[in-house]
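**Student:** Have a look at this prediction, sequence included:
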Amino acid sequence: MNDKELFTNTKDYIGKTVTLEGWIKNHRKQKEFGFISFSDGTFFTQIQIVYEKDLDNFEDIQKYRVGSAIKVEGEVVESPKEGQAFEIKAKKVELLGDCPEDYPIQPKPHSREFLREQAYLRPRTNLFQAVFRVRSKAAAAIHEYFQDRDYVYLHAPLITAADCEGAGEMFQVTTLDLNRVAKSGEVDYSKDFFGRPASLTVSGQLQGETFALAFKKIYTFGPTFRAENSNTKTHANEFWMIEPEISFCDLDMDMDIMEDMLKYVVKYVLDHCKEELEFLNNFVEKGLIEKLEKLVSSKAVRITHHDAIKYLKESGKKFEFEPEYGEDLAREHEKYLTEEKFNAPVFVYDWPKDIKAFYMRLNDDNETVAAVDLLVPGSGELMGGSQREERLDVLNKRMDDLHMSKDELWWYLKLREYGGCKHAGFGMGFERLIMYLTGIENIRDVIPYPRTPGNCEF
């Protein structure tokens, strides 16, 4: 028996005796009886255990502290308390694992900064019970969406010699003695584990393209790494990415899939995390549920990057960063477009080629590429994609213009020779999605053990 079974089938258990194992969340003691707030972790809402003085070990139970693991045998009875469907009238309460008085997670408010220092215990708090259950359901929704539509799930390599983004912000993987390297001043990669420089991946996209040209539709969903020395609320050095790749797909079709997938995942979480979202709506972001429901029922607007800048310039608003043609959008620009100009999600497509990656398909104007970002109200950029450059001659020239070495990506270029076709895909940072779904503002609070500059604890 577990908490979830009781909450989802309460009527079936009224009057019956059940046995539960879990943890004490709160303990209120009276002279003749006591109340234990109990949870076994299978459901967000806690169960109230009522025990009375007629129990043989009543005095021992009164000493059980918050955090202790217990086994409860008792009758499920209708609760006189408003808003509580049932409670357990204990027949037996057994201590399975004691907890000392200095247990850090007491039934009182704790700052998120403090809880990061206690990251191994923070899943026991209401906030992180909600966040990580939402994370779990969102992951299930992503797999369900793609599996139901015949995508093949690709486990892209985590160790790679290919820098997908060309930014060089990659963690090196080596078995060389770094002390010896430091003394000699030279690196002989022929003696390294792989016989060549290797790094942790920043994206599974390039490998994903090879599988898409065999299976038509694939997706990756796994950890990626970025050696970026950034301490903002939205950056981490280890994070998860969802990256679908679809053959015979152009940019318009890509946008269709991006919007459809996002709405599916948000609707799934709304349907499967009602208690968690209600908690987050009350204590983290007022209006969270309304924001998510509005996204599901909305229709995304599609505008070019040129028109986005034009709208910003004509808005009459004073921005901290002046919008300019040929340049990226700032958070304040995204906010204006999604929350004031259109009051809806916004696709911004056909971006200037000079600020986008080498693999994006060059448009006929020779100035822009078939790239797209999806901006959503309340968050800004949530995902980005592009139609990939399938023309070998154009791809070669693009890499030459960017002074990129082709030696490590020979196979990526060869792919264009062997039955190449138009194809497209996109990427979404999973943590960024969880921040949007929960209202949590700091990426460190939506990933179990955040890896950020100077922080690799737990």
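**Tutor:** Done, it's in.
**Student:** Help me confirm that Gln84 comes into contact with Gln48.
**Tutor:** Yes. Look at Gln84 against Gln48 with CB atoms under 8 Å: they come within range, at 6.5 Å. From N, CA and C alone the C-beta is placed, and that goes for glycine too.
**Student:** higher neighbour count, these two?
**Tutor:** Neighbour count, other CB atoms under 10 Å: between Gln84 and Gln48, Gln48 has more, with 16 against 13.
**Student:** Which element, helix or strand, includes the closest residue to the more buried one other than its chain neighbours?
**Tutor:** Distance criterion CB to CB, 6 or more residues apart in numbering; nearest residue to Gln48, sequence neighbours excluded, is Glu87 at 4.3 Å. In this structure, Glu87 is located in strand 86-97 according to DSSP states H and E.
**Student:** Okay, now the unreliable bits of this protein?
**Tutor:** 164-168 (pLDDT under 70).
**Student:** that older thread, packing partners for the strand holding Glu87?
**Tutor:** Judged by 3 or more CB pairs under 8 Å, 6 or more residues apart in numbering; DSSP states H and E, strand 86-97 is in contact with strand 17-29, strand 47-52, strand 69-78.
**Student:** Extract the CA atoms of it and return them as PDB.
**Tutor:** Extracted in PDB, the C-alpha atoms of strand 86-97 (Å, rounded to 0.1, in the frame of the first residue of the first chain):
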ATOM      1  CA  PHE A  86      -9.500  10.900   5.000                       C
ATOM      2  CA  GLU A  87      -7.100  10.300   7.800                       C
ATOM      3  CA  ILE A  88      -5.500   7.200   9.300                       C
ATOM      4  CA  LYS A  89      -6.600   6.200  12.900                       C
ATOM      5  CA  ALA A  90      -3.400   4.400  14.000                       C
ATOM      6  CA  LYS A  91      -3.500   0.900  15.600                       C
ATOM      7  CA  LYS A  92       0.200   0.600  15.500                       C
ATOM      8  CA  VAL A  93       3.100   3.000  14.900                       C
ATOM      9  CA  GLU A  94       6.600   1.500  14.700                       C
ATOM     10  CA  LEU A  95       9.900   3.500  14.400                       C
ATOM     11  CA  LEU A  96      12.000   2.200  11.500                       C
ATOM     12  CA  GLY A  97      14.700   4.900  11.400                       C
END
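**Student:** which other residues reach it?
**Tutor:** For strand 86-97, the surrounding residues in contact (CB atoms under 8 Å, 6 or more residues apart in numbering) are 6, 10, 13-14, 17-18, 20-21, 36, 38, 47-52, 55, 57, 60-61, 64, 68-79, 81.
**Student:** could you give the angle of it to strand 69-78?
**Tutor:** For strand 86-97 against strand 69-78, the angle by axes from the mean of the first three to the mean of the last three CA atoms, to 10 degrees is 170 degrees.
**Student:** Show me what counts as buried in strand 86-97.
**Tutor:** Residues of strand 86-97 classed as buried: 86-88, 90, 93, 95 (neighbour count, 16 or more other CB atoms under 10 Å).
**Student:** After that strand, which helix or strand is next?
**Tutor:** In N-to-C order, the element after strand 86-97 by DSSP H and E is helix 112-117.
**Student:** If we go by neighbour counts, what in that following helix is buried?
**Tutor:** 115-116.
**Student:** The helix or strand following it: which residues count as buried?
**Tutor:** Sequence order places helix 126-148 as the next helix or strand after helix 112-117, per DSSP H and E. Neighbour-count burial for helix 126-148 flags 126-135, 137-139, 141-142, 145-146 (criterion: 16+ other CB under 10 Å).
**Student:** returning to that earlier point: figure out how far the strand holding Glu87 is from the centre of its chain.
**Tutor:** 36 Å (CA atoms, centre = their mean, to the nearest Å).
**Student:** who does it pair up with?
**Tutor:** strand 47-52 (parallel), strand 69-78 (antiparallel) (DSSP bridges).
**Student:** Return the list of helices and strands in contact with the helix or strand that the shortest one is followed by.
**Tutor:** Remark: after strand 47-52, the chain's next helix or strand is helix 58-61, criterion DSSP H and E. Under the contact definition 3+ CB pairs under 8 Å, 6+ apart, helix 58-61 sits against strand 47-52.
**Student:** could you give the angle of the strand it packs on to strand 17-29?
**Tutor:** Using the same axes, to 10 degrees: strand 47-52 against strand 17-29 is 80 degrees.
**Student:** which residues sit against strand 47-52?
**Tutor:** For strand 47-52, the surrounding residues in contact (CB under 8 Å, 6+ apart) are 3, 6, 20, 32-39, 58, 61, 72, 74, 79, 81, 84, 86-90, 93.
**Student:** chain center to stretch 180-200, what's the gap?
**Tutor:** Per CA atoms, centre = their mean, the centroid offset for stretch 180-200 relative to its chain is 34 Å.
**Student:** what's in contact with it?
**Tutor:** Defining contact as CB under 8 Å, 6+ apart, one finds that stretch 180-200 is touched by 158-161, 163, 170-176, 224-225.
**Student:** And the furthest pair within those residues?
**Tutor:** Within the contacts of stretch 180-200, Leu176 and Thr224 form the most distant pair, 23.8 Å apart (CB to CB).
**Student:** So for these two, which residue has more residues nearby?
**Tutor:** Higher neighbour count among Leu176 and Thr224: Thr224, with 23 against 14, using other CB under 10 Å.
**Student:** From Ala139, how far out is the more buried one?
**Tutor:** Using CB to CB, to the nearest Å, we find Thr224 at a distance of 15 Å from Ala139.
**Student:** Distance check, the nearest residue to Asp354 once chain neighbours are set aside against Tyr336.
**Tutor:** Nearest-residue entry for Asp354: Gly326, 6.8 Å, with adjacent residues in sequence omitted and distances by CB to CB, 6+ apart. The spacing between Gly326 and Tyr336, counted by CB to CB, is 19 Å.
**Student:** quick one: which of the buried residues of strand 86-97 is nearest Glu209?
**Tutor:** Closest approach between these and Glu209, by CB to CB: Phe86, at 53.5 Å.
**Student:** tell me which residues form a beta bridge with the closest one?
**Tutor:** Bridge pairing for Phe86 (DSSP bridges) gives the partners Glu78.
**Student:** One more: Glu52?
**Tutor:** Phe33.
**Student:** Report the buried residues of stretch 247-267.
**Tutor:** 247, 249, 251, 254-255, 257-259, 261-267.
**Student:** next one: stretch 76-87
**Tutor:** Buried-residue list, stretch 76-87, by 16+ other CB under 10 Å: 76, 86-87.
**Student:** Let me have the residues you listed in TSV, extended by distance to Gly384.
**Tutor:** Formatted as TSV, the buried residues of stretch 76-87 follow (distance: CB to CB, whole Å):
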residue	distance to Gly384
Val76	50
Phe86	47
Glu87	49
